[in-house]
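Peer 1: here is my input, please return the structure:
(one chain, ligands or ions: 4)
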Amino acid sequence: MGSSTRAWALTAVAAVAAVAMAAIVPISSAATVYTVGDSIGWTILNNPNYTAWALGKTFYVGDTLDFKYNKQYHNVLEVRQSDYAACKNGSALSEFTSGNDSVVIDTAGHHYYICGVPGHCQVGQKLDILAVAEGQGGATASPPPPSSTTTSSGSVPAPSAASRRDPPVVAAGLYFLLAVSAGLLQWH
Ligand SMILES: *[C@@H]1O[C@H](CO)[C@@H](O)[C@H](O)[C@H]1NC(C)=O
Ligand SMILES: *[C@@H]1O[C@H](CO)[C@@H](O)[C@H](O)[C@H]1NC(C)=O
Ligand SMILES: *[C@@H]1O[C@H](CO)[C@@H](O)[C@H](O)[C@H]1NC(C)=O
Ligand SMILES: [Cu+2]
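Peer 2: Numbering: from 1, shown residues only. Ligands and ions are numbered 1, 2, ... in the order given. As a prediction, this is how the structure comes out:
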């Protein structure tokens, strides 16, 4: 009986380890890369609504916004909230003009982007992103900490933000599973 019990226990440990590995995998997911406007890009054609585009997405610090546009006609300015609201292009925090700008969200909180070309912001070429710190829930995020926890911008396509796990929670789960495995081995 001893050896068959032992075999059973080892099988159980292997199964538990497999479950633990599956739980761990989502941690290694890279930051998400969003193409602003998806296939429409960053434009004024057909009156895109970037508020609607951002709705329902949870942006995390470390995620990337890809602004794709014709650089002859548009640009990207990160601005303060007041300039976003008033569509003022005179005191941008950053300016991007390549036509294919990868902008890494480096701090939690709101980030405001407009096109600085006269008239464009007014007709809707403006984007307000609310970023939360990695590991924080989306809807209940508290105000941003001042520190910048910059993550390198991964170019690897990532699973949706919803599949992220909080590393400490997963680690705790792993310890629990290992404790159970150890218990199984000592039983017989
Ligand atoms: C854009 O979409 C948002 C969210 O759905 C909506 O509240 C807003 O009225 C829309 N704006 C325009 C100009 O249609
Ligand atoms: C835009 O930039 C991304 C990332 O930097 C790159 O993968 C992609 O090939 C670029 N696209 C074009 C059209 O240049
Ligand atoms: C800001 O707007 C002015 C016109 O008011 C325009 O000449 C200028 O090119 C704009 N700047 C940027 C960075 O888009
Ligand atoms: Cu524009």
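Peer 1: from here on, just use CA atoms for contacts and neighbour counts.
Peer 2: Fine.
Peer 1: what is the burial count for residue 95?
Peer 2: Neighbours of residue 95 under the rule other Cα atoms under 10 Å: 18.
Peer 1: my read is it is in a strand, agree?
Peer 2: Yes: according to DSSP: H, G, I helix; E, B strand; the rest coil, the state of residue 95 is that of a strand.
Peer 1: hey, what's it bridged with?
Peer 2: For residue 95, the beta-bridge partners are residue 77 (DSSP bridges).
Peer 1: where does it land on pLDDT?
Peer 2: Looking at residue 95, its pLDDT stands at 98.
Peer 1: so it sits right up against residue 78, yeah?
Peer 2: Yes: applying Cα atoms under 8 Å as the test, residue 95 and residue 78 come out as touching, 6.4 Å apart.
Peer 1: just give the nearest non-adjacent residue to the closest residue to ligand 3 within the chain, would you?
Peer 2: Ranked by Cα to the nearest ligand atom, the top residue of the chain for proximity to ligand 3 is residue 116, at 3.4 Å. Nearest residue to residue 116 in three dimensions, chain neighbours excluded: residue 89, at 5.2 Å (Cα to Cα, 6 or more residues apart in numbering).
Peer 1: element containing the one you found?
Peer 2: Following DSSP states H and E, there is no helix or strand that holds residue 89.
Peer 1: quick check: phi and psi at it.
Peer 2: Main-chain dihedrals, residue 89, degrees, to the nearest 10: phi -100, psi 0.
Peer 1: give the contact list for it.
Peer 2: The contact partners of residue 89, taken as Cα atoms under 8 Å, 6 or more residues apart in numbering, are 77, 79, 83, 114, 116.
Peer 1: neighbours around the third one, how many?
Peer 2: When you say that, I think you mean residue 83. Residue 83: 17 surrounding residues under other Cα under 10 Å.
Peer 1: show the contacting residues for the residue of the chain closest to ligand 3.
Peer 2: Residue 116 touches 74, 75, 76, 77, 87, 88, 89, counting by Cα under 8 Å, 6+ apart.
Peer 1: one more pass at 10 Å, please.
Peer 2: Shown here is residue 116, whose contacts under the criterion Cα atoms under 10 Å, 6 or more residues apart in numbering are 73-79, 87-90, 92, 95, 122, 125-126.
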